[in-house]
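[1] sequence plus predicted model, see below.
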Amino acid sequence: MTHGKPTHAPQAHWKSVNGCLQVNGVPLTRLASRVGQTPFFAYDRQLLSARVALLRRHIPADIHLHYAIKANPMPAVVQLMAGLVDGLDVASGMELRVALDSGMDPELISFAGPGKSERELMSAIAAGITINLESLHEMEVTATLGRRLGIEPRVAVRVNPDFELKSSGMKMGGGPKPFGIDAEAVPDMLARLKALRLEFQGFHIYSGSQNLRAESIREAQEKTFELAYRLAEFAPSPVRWLNIGGGFGIPYFPGEMPLDIAAVGDHLFRVLPEAKRRLPNVQLVIELGRYLVGEAGIYVCKVVDRKVSRGQVFLVTDGGLHHHLAASGNFGQVIRKNYPVVIGNRMGQTETEVASVVGPLCTPLDLLGDKMELSRADIGDLVAVFQSGAYGLTASPTAFLSHPAPFEVLV
């Protein structure tokens, strides 16, 4: 406990040697020289591989593991993940190109998201991937484009379930949503789909994300399977593919604890026999993004000034919200909370101080750490923001105030 406040979950998977944070065995100071500039994002290959291995130990082997590229679409990261997981999920035409470049079998790639353009749908059909249909209109357009290309598009129906993932950071299903087809409207859609030249694969049922409560995830999975069983009775052909989403979260803020993945896995082992009995032809899929890559990345910036204002220490850095909007608290937070932040070249230092880490932008929103206990830092030291492997660079307004963009490296 620090100053009577809850602390961040331990970042024990990150190692330090002689007071310097290591990225896959490379000291942070040396990595900064290798990159040639700050700020930058760094992703650790060993940690990415270890996270997939952790899931493989706890999730039934019969359930395929897909990586949702939107979490981190850096081509080198996608290339690495493509060799570790069983499939990829994309949310744009650009992500589709990255996925196809990775060498992943197109039949193991799916495309979700409302408002797909005709150009994106055309590319998806030609590539032979599975399109998650988000509306009746999208279904009709997909069928029309398929006829034009002389290809029968592979499709699944994305379902907006009649329940939500409780305690999730972001609710993707339940109630009115722009995503998918309301569960009660799916039977009529399937009746229309049967009359079209579409190759029906199954369902995509995604109820929420960023959840740290195993019991909430288990409850949502049970409801997901029950919904899939009901909808399968209206399907034009046997259900061959069922994406049950993910929702697995990572601890960002003080007081949060890691998800009990063993408890989630145990539950999947219990429900799998029933799923196989009722959907004998199905390939089950869990789709994860943040959980796979979020804890394997850091954002690194350099202290360029140190100042004290009315007793408060400010470490001014060359990075900020324009690179890492989420860490600034402006990406979904209602009440701002700190990400875990350290002085990466002064790990374990006994001399500490309470300081705020701010960026170079002319706005009070440019805040990476608010009144945190940190190793005493000076100009030239390196600030590292943990939990930065997902929704970092591509989720940030890099053009804001026209500062240079950061680099990304896979180490």
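    Now that the structure is in, tell me what you want to look at.

[2] need the outlier residue of this structure, farthest from its centre.
    Taking Cα atoms, centre = their mean as the measure, the residue most remote from the mean C-alpha position of the chain is Arg310, 39.6 Å away.

[3] ok, Ile261 - how many residues close by?
    Other residues near Ile261 number 18, with proximity taken as other Cβ atoms under 10 Å. For glycine as for every other residue, the C-beta is placed from the backbone atoms N, C-alpha and C.

[4] please renumber the chain so that the first residue is 739 from this point on.
    Noted, 739 is the first residue going forward, which turns the last one into Ile999.

[5] residues in contact with it?
    By Cβ atoms under 8 Å, 6 or more residues apart in numbering, the contact set of Ile999 is Leu792, Leu793, His796, Ala952, Phe986.

[6] may I see the buried residues of the strand ranked longest in the chain?
    Ranked by residue count and defined by DSSP state E, the top strand of the chain is strand 1035-1047. Burial within strand 1035-1047, assessed by neighbour count using 16 or more other Cβ atoms under 10 Å, is assigned to Gly1035, Ile1036, Tyr1037, Val1038, Cys1039, Lys1040, Val1041, Arg1044.

[7] next, format the residues you listed as JSON lines and append distance to Thr767 and pLDDT.
    What follows is the buried residues of strand 1035-1047, written out as JSON lines (distance: Cβ to Cβ, whole Å; pLDDT from 0 to 100):
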{"residue": "Gly1035", "distance to Thr767": "18", "pLDDT": "98"}
{"residue": "Ile1036", "distance to Thr767": "13", "pLDDT": "98"}
{"residue": "Tyr1037", "distance to Thr767": "16", "pLDDT": "98"}
{"residue": "Val1038", "distance to Thr767": "10", "pLDDT": "98"}
{"residue": "Cys1039", "distance to Thr767": "14", "pLDDT": "98"}
{"residue": "Lys1040", "distance to Thr767": "11", "pLDDT": "98"}
{"residue": "Val1041", "distance to Thr767": "13", "pLDDT": "98"}
{"residue": "Arg1044", "distance to Thr767": "18", "pLDDT": "98"}
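
[8] ok so, going back, most surrounded residue in the contacts of Ile999?
    Among the contacts of Ile999, Phe986 has the most neighbours (other Cβ under 10 Å), with 23 neighbours.

[9] wait, it sits on Leu997?
    Yes - with contacts counted by Cβ atoms under 8 Å, Phe986 reaches Leu997, the gap being 5.6 Å.

[10] what is the nearest of the contacts of Ile999 to Thr880?
    Taking Cβ to Cβ as the measure, Thr880 sits nearest to Phe986 out of the contacts of Ile999, at 30.0 Å.

[11] ok, now how distant is the closest one from Asp1043?
    Remark: distance between Phe986 and Asp1043 (Cβ to Cβ, to the nearest Å) = 39 Å.

[12] re the thing from before, overlap of the contact sets of Phe986 and Leu997?
    For the pair Phe986 and Leu997, residues contacting each of them under the criterion Cβ under 8 Å, 6+ apart are Asn949, Ile955, Tyr1029.

[13] tell me the bridge partners for the first one.
    Residues in a beta bridge with Asn949, per DSSP bridges, are Phe986.

[14] if I look at it, how far off is Gly1035?
    If you measure Asn949 against Gly1035 using Cβ to Cβ, the figure is 20 Å.

[15] got the buried residues for stretch 825-840?
    Quick answer for stretch 825-840 (16+ other Cβ under 10 Å): 825-831, 833-834, 836-838, 840.

[16] extract the C-alpha trace of that stretch and format it as PDB.
    Once non-C-alpha atoms are left out, stretch 825-840 reads as follows in PDB (Å, rounded to 0.1, in the frame of the first residue of the first chain):
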ATOM      1  CA  GLY A 825      -7.300 -17.700 -36.400                       C
ATOM      2  CA  LEU A 826      -7.500 -14.000 -36.800                       C
ATOM      3  CA  ASP A 827     -10.400 -11.500 -36.500                       C
ATOM      4  CA  VAL A 828     -10.400  -8.200 -38.400                       C
ATOM      5  CA  ALA A 829     -12.500  -5.000 -38.200                       C
ATOM      6  CA  SER A 830     -11.400  -3.100 -41.400                       C
ATOM      7  CA  GLY A 831     -10.100  -3.600 -44.900                       C
ATOM      8  CA  MET A 832      -6.600  -2.600 -43.800                       C
ATOM      9  CA  GLU A 833      -6.600  -5.100 -41.000                       C
ATOM     10  CA  LEU A 834      -7.800  -7.700 -43.500                       C
ATOM     11  CA  ARG A 835      -4.700  -7.000 -45.700                       C
ATOM     12  CA  VAL A 836      -2.500  -7.300 -42.600                       C
ATOM     13  CA  ALA A 837      -4.100 -10.600 -41.700                       C
ATOM     14  CA  LEU A 838      -3.800 -12.100 -45.200                       C
ATOM     15  CA  ASP A 839      -0.100 -11.000 -45.400                       C
ATOM     16  CA  SER A 840       0.500 -13.000 -42.200                       C
END
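
[17] show residues contacting it.
    Outside stretch 825-840, the residues within contact range by Cβ under 8 Å, 6+ apart are 802-808, 811, 813, 816-817, 819-820, 842, 844, 846-851, 855, 857-858, 861-862, 865, 867, 981, 1023, 1025.

[18] how about stretch 751-764: buried residues?
    Counting neighbours by 16+ other Cβ under 10 Å, one finds that the buried residues in stretch 751-764 are Trp752, Ser754, Cys758, Leu759, Gln760, Val761, Asn762, Val764.
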